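Visitor: take a look and give me a structure for this.
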Amino acid sequence: MKNPNGYGCIRLMGGNRRRPYAFIATVDGRQKYIAAFETIYDAKIFQSRYFEEHHRDFLPSYHKKITFSELYFRWLSFHKDEDNTLSRSTLSGYEYAYAHCYPLHEKYFPDLQFLELQSVINHMRFKENLSYSSCKKVKNLLSLMYKYAIKTNICQTNYALLLSIGHNHPVYPHHVMSRQKINRLWSSLDDTPGADTVLILLYTGLRVSEMLNMLKVEVNLRHKYLRVTHAKTASGVRVIPIHPRILPIISQRMTMPGPNLICDSSGRPYEYSRYRSVVWQRVMKCIRGEMHTPHDTRHTFATLLDNADANENAKRKILGHATGDVTDRVYTHKSIRQLRKCIELLK
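Guide: Modelled structure (predicted):
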């Protein structure tokens, strides 16, 4: 579908360039190079922002003909400016959901009907057999896009609110790691590369993404705590005391190459998929725990603290969960000393 006048174009430049995608726009009747980007995705975000900033008078009439794809990149540009704390995993989730909406990409957004949106969800559920969480990502993306479209007078009805994604039947039910498997981890610490990372997860309650994104500057060895600065939610930004048993492990990791706490031998940080395939699966095979997923470590951490009668508010603080009670949320404060007392209940 042809872009509107003044929308510019993206060209793939030749040669071995670090930023091969160039955005070209017409300025004073001539085509002019504006900027270059590493990915076409980033180039399209810039293109939508450029059009909005330089053609505001044209926007009201253009809104009737804006495609799903164009609106997505305009919304994403707006959303990134509005919330500059978006994590890489959140952005990846938006990209994933957008890719699954490919039947809608070239359709005019104001003309979309409920059944067209539901058909995307149905195809994911019944044709591709994708998980509940995958469908939920698409529904969340559509809801955010519709809220933006309503704000900007592109449409009036949020059809995403009517979408059905079925019931959540976990593909990988979570299992608590047994004490026997945790003991095997300690026994294999010197012989199995990566066993230390699983122990860090088990004794901190960190999400895998939080551990992999943690920088060494966020580790305070002197006062023995970790600071989580990039998390899924506001409650996830927190301080976690370092359990005495894993203090030597973390100290050793601090001496290895790379800016991240968890890196490979060359100092390269892990993406989740590489960590799971290269490190996690090898460690689980060693301790005969192939049934476990990385998220089982958080379930194990929470269960062990619960079995030790840990303070509920302290446990929530460490895990990065929002407290449900107004009194607990507003008036209860837990010092690092109290959090340390809680985490040291783990054996």
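
Visitor: once you drop chain neighbours, what's closest to the residue most central in space within the chain?
Guide: What sits nearest the mean C-alpha location of the chain, by C-alpha atoms, centre = their mean, is Ser89, with 2.4 Å. The shortest distance from Ser89 to any non-neighbouring residue, by C-beta to C-beta, 6 or more residues apart in numbering, is to Ser209 (5.3 Å). Where you see a C-beta, it was placed from the backbone N, CA and C, and this is true even at glycine.

Visitor: what's the neighbour count on the one you found?
Guide: 20 (other C-beta atoms under 10 Å).

Visitor: that one touches Thr90, doesn't it?
Guide: No: with contact defined as C-beta atoms under 8 Å, Ser209 does not reach Thr90; the gap is 10.0 Å.

Visitor: how about the strands in this protein?
Guide: 9-12, 21-27, 30-37, 219-220, 225-228, 238-241 (DSSP state E).

Visitor: distance from the third one to the middle of the chain?
Guide: Here the centre of strand 30-37 is set off from its chain's centre by 31 Å, with C-alpha atoms, centre = their mean, to the nearest Å.

Visitor: return the distance of Ser209 relative to Glu218.
Guide: 14 Å (C-beta to C-beta, to the nearest Å).

Visitor: where does pLDDT dip in the protein?
Guide: 1-6, 55-63, 169-173, 231-235, 322-334 (pLDDT under 70).

Visitor: domains of it?
Guide: The chain is divided into the following domains under automatic domain parsing: 66-162, 179-343.

Visitor: how far does the longest one stretch from one end to the other?
Guide: Distances were taken as C-alpha to C-alpha, to the nearest Å; on that basis the terminal residues of domain 179-343 are 17 Å apart.

Visitor: with the first one instead?
Guide: Between the opening and closing residues of domain 66-162 we find a distance of 22 Å, counting by C-alpha to C-alpha.

Visitor: as a markdown table, the domains of the chain with distance to Ile40 would be great.
Guide: Output for these, formatted as a markdown table (distance: least, C-beta to C-beta, whole Å):
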| stretch | distance to Ile40 |
| --- | --- |
| domain 66-162 | 11 |
| domain 179-343 | 20 |
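
Visitor: and those domains: which comes nearest Arg30?
Guide: Nearest to Arg30, of all the domains of the chain, is domain 66-162, at 24.1 Å by C-beta to C-beta.

Visitor: thinking again about what came up before, out of the domains of the chain, nearest to Leu12?
Guide: That would be, of these and by C-beta to C-beta, domain 66-162, which comes in at 17.6 Å.

Visitor: roughly how far is that closest one from the heart of the chain?
Guide: Relative to where its chain is centred, domain 66-162 has its mean C-alpha point 16 Å off (C-alpha atoms, centre = their mean).

Visitor: just give me the neighbour total for Asn213.
Guide: Counted with other C-beta under 10 Å, Asn213 comes out at 23.

Visitor: from Ala99, how far off is it?
Guide: 23 Å.

Visitor: next: Tyr72.
Guide: 11 Å.

Visitor: with Ile40 instead?
Guide: 13 Å.

Visitor: comparing these two, which residue is more hemmed in?
Guide: Ile40 (13 against 10).

Visitor: give the contact list for the nearest residue in space to Met214 that is not next to it in sequence.
Guide: The spatial neighbour of Met214 that comes closest, neighbours along the chain excluded (C-beta to C-beta, 6+ apart), is Leu261 at 4.6 Å. Neighbour list for Leu261: Met211, Met214, Leu215, Lys216, Glu218, Val219, Ile250, Arg253, Met254 [criterion: C-beta atoms under 8 Å, 6 or more residues apart in numbering].

Visitor: look up phi and psi at Leu261.
Guide: Main-chain torsions, Leu261, degrees, to the nearest 10: phi -60, psi -40.

Visitor: all numbers from here: first residue = 43
Guide: Yes, from this point I'll number from 43; that puts the last item at Leu303.

Visitor: how close does it sit to Val270?
Guide: 11 Å.

Visitor: in the stretch 243-389 of the chain, which spans are helices?
Guide: If DSSP state H, counting those that start in this stretch is used as the criterion, the helices of the stretch 243-389 of the chain fall at 250-255, 289-296, 314-316, 323-328, 338-349, 354-361, 368-373, 378-385.
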